[in-house]
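*Asks:* Curious how this folds, go ahead:
(one chain, ligands or ions: 1)
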Amino acid sequence: MSVALVTGASSGIGRAFAERLARDGYDLVVVARRRGRLEELASRLRSDPGVAVEIIAADLGDPASLARVERRAGEGPDIDLLVNNAGFGAYMPFARLPPERVEQLIRVHVVATTRLARAVVPGMLERGRGTIVNVASMLAFSATIPPDPMPHRVVYAATKAYLVAFSQALAAELGSSAIKVQALCPGTVATEFHVVQGAPGPLPGSMDPADVVAASLAGLELGEVVCAPTIGRRAASRGGRERTDALHRPPIGASRLPLPGLSRAIARISGACPFLPAVGPRLARLDRRWRT
Ligand SMILES: NC(=O)c1ccc[n+]([C@@H]2O[C@H](COP(=O)([O-])OP(=O)(O)OC[C@H]3O[C@@H](n4cnc5c(N)ncnc54)[C@H](OP(=O)(O)O)[C@@H]3O)[C@@H](O)[C@H]2O)c1
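*Replies:* Below you'll find the model as predicted:
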């Protein structure tokens, strides 16, 4: 039986990964701070579809807790799929972002992701197989765009940009092995991500987390290192979640762009990003520059 370790499995995209991977027959190691949520998830998945689920309640921003998860990831010979998904936004002007939050963003997104990947790669190399998904964000590509109506996101965007570069470099280094690495870069997704930051609910036009997971797994099949699932323009313009188009249809000319996943995102982002009509034209200009 294959084993997947999913961080941030108590909610949103991480929970959707755990549910989908359980249906696909993976045993699971699920990680997050809220033990109660993990227990509820585990008891559901143990009875239907009937897989083994191990719980690690841990704050990945805390070095001692991260070390526990790291040991579990590296010691057993069994982690076939690592989903580095835990994360949070802390959108705020840089000058007001508390220094402790700065550090937590870097610890959870950068340090934990990198160390957990470092823990599993030697075993994967030995076994000649394995997959690592690092959940980044479309905001990884937004660094030059000023805030408002986009969120204030200096450290968040920078950590997600790190995840893209880290995933690309690791994929390149492991290119001759059978290990797959992916940076998953969704637009807005209907999870608790914005709610924990004070939003009344998911943002309109958000993707369904299960569709994001389906896109990630399809991207892995296609060998995509940067996977940027976004909602289709038509669905977004209806403002609804009734038809998400998270799967893959490259725009004309996409193969000439340096990042296939990103090119799709550029083709669709104006419809995909509910809080930023301004991003679309700017990325489209960038897209045209790349095409020439
Ligand atoms: N939702 C979006 O629009 C969106 C878009 C692009 C990228 N993303 C990325 O997707 C990932 C998942 O977010 P989501 O949208 O599913 O949000 P979510 O519903 O708020 O889930 C976040 C998960 O991360 C866990 N987590 C947060 N801080 C943690 C810590 N210090 N230690 C351990 N676990 C921690 C949370 O669990 P506990 O609270 O129980 O610890 C929760 O399970 C994040 O990396 C986020 O940056 C989200």
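*Asks:* Near the ligand, which residues of the stretch 51-200 of the chain? Just list them.
*Replies:* Taking CB under 6 Å from any ligand atom as the criterion, the neighbours of the ligand within the stretch 51-200 of the chain are 59-61, 85-88, 108, 135, 137, 186, 188-189, 191-193, 196. In this view, the C-beta of every residue, glycine as well, is placed from N, C-alpha and C.
*Asks:* filter these to the buried ones?
*Replies:* 59-61, 85-88, 108, 135, 137, 186, 188-189, 191, 193 (16 or more other CB atoms under 10 Å).
*Asks:* Name the nearest of these relative to the ligand.
*Replies:* The ligand lies nearest to Gly87 out of those, by CB to the nearest ligand atom, at 2.2 Å.
*Asks:* mind checking the SS state of the closest one?
*Replies:* Here Gly87 is coil, with the state taken from DSSP: H, G, I helix; E, B strand; the rest coil.
*Asks:* Once you drop chain neighbours, what's closest to it?
*Replies:* If the residues on either side of it in the chain are set aside, Gly87 comes closest to His109, at 5.6 Å by CB to CB, 6 or more residues apart in numbering.
*Asks:* pLDDT score for the one you found?
*Replies:* Looking at His109, its pLDDT is 98.
*Asks:* tally of neighbours for it?
*Replies:* The tally of other residues near His109 (other CB atoms under 10 Å) stands at 27.
*Asks:* What is the burial count for Ser142?
*Replies:* For Ser142, the number of neighbouring residues by other CB under 10 Å comes to 23.
*Asks:* next one: Ala95
*Replies:* 7.
*Asks:* now Gly89
*Replies:* Residues lying near Gly89 (other CB under 10 Å) number 17.
*Asks:* Just the CA atoms of the longest helix seen in the chain, as CSV, please.
*Replies:* Looking only at the chain and at elements set by DSSP state H, the helix with the highest residue count is helix 154-173. Coordinates of each C-alpha in helix 154-173 appear next as CSV, following Å, rounded to 0.1, in the frame of the first residue of the first chain:
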residue,chain,number,x,y,z
VAL,A,154,4.8,40.8,0.6
VAL,A,155,6.0,37.9,2.7
TYR,A,156,3.3,35.5,1.6
ALA,A,157,4.0,36.1,-2.1
ALA,A,158,7.8,35.8,-1.5
THR,A,159,7.5,32.5,0.3
LYS,A,160,5.3,31.1,-2.4
ALA,A,161,7.8,32.3,-5.1
TYR,A,162,10.4,30.4,-3.1
LEU,A,163,8.3,27.3,-3.4
VAL,A,164,8.0,27.6,-7.1
ALA,A,165,11.8,28.1,-7.5
PHE,A,166,12.5,25.3,-5.0
SER,A,167,10.2,22.9,-6.8
GLN,A,168,11.6,23.7,-10.2
ALA,A,169,15.2,23.4,-9.1
LEU,A,170,14.5,20.2,-7.2
ALA,A,171,12.7,18.7,-10.2
ALA,A,172,15.6,19.6,-12.4
GLU,A,173,18.1,18.1,-10.0
